[in-house]
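# have a look; sequence and predicted model below, questions after that.
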Amino acid sequence: MSIGGAGGTKGGIGKFFIGMAMMIGGVYLFLDAVHVTHHLHPGYALFSFGAFRLTTGMTLIPMLFGVGMIFYNARNPLGWVLTAATLVMLLFGILSTPQLRIRSISAFALLMILARVAGGLGLFLHSLTH
């Protein structure tokens, strides 16, 4: 029984790992250049139902009642439901409102990052097919 190369082919293990490292490095550098922001404040419309807008401040009101119910009687399921539903809505609102922007980098740096990803992908795939 002989041990083959990457993916059971005759391809080189070295090409496999070099390609993988290039891809991971390129994707890391690209994602490092991305700046994530969001505009979540108490007056921000978290959800809209026609003309009705549910803001983040309005979402916190049921949470206050839920937390109050939990402190008054921890076995009250309505308090737990209100608190959990509010936290889920806030989490959904935070995850659905990010804005992605690429920071200012030179064209050369961007081309080198993309070349690293593409070259790594080429070496990686070549090691699996030969």
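All right, it came through fine.
# would residue 54 count as being in a strand?
Yes. Residue state for residue 54 (DSSP: H, G, I helix; E, B strand; the rest coil) corresponds to a strand.
# so in the protein, where's the weakest helix or strand by average pLDDT?
strand 45-49 (a mean of 69; mean pLDDT, DSSP states H and E).
# could you pull up the residues touching the nearest residue to residue 22 once chain neighbours are set aside?
Distances taken as C-beta to C-beta, 6 or more residues apart in numbering put residue 120 closest to residue 22, at 2.8 Å, once the chain neighbours are dropped. Bear in mind the C-beta positions are built from the backbone N, C-alpha and C, glycine included. For residue 120, the contacting residues are 18, 19, 20, 21, 22, 23, 24, 25, 26, by C-beta atoms under 8 Å, 6 or more residues apart in numbering.
# who wins for neighbours among those residues?
Greatest neighbour count in the contacts of residue 120, by other C-beta atoms under 10 Å, goes to residue 19: 22 neighbours.
# so it sits right up against residue 118, yeah?
No. Between residue 19 and residue 118 there is no contact under C-beta atoms under 8 Å: 10.6 Å.
# which strands or helices does the helix or strand where residue 78 lies pack on?
When elements are assigned from DSSP states H and E, residue 78 belongs to helix 77-96. Helix 77-96 sits against strand 45-49, helix 56-72, with contacts defined as 3 or more C-beta pairs under 8 Å, 6 or more residues apart in numbering; DSSP states H and E.
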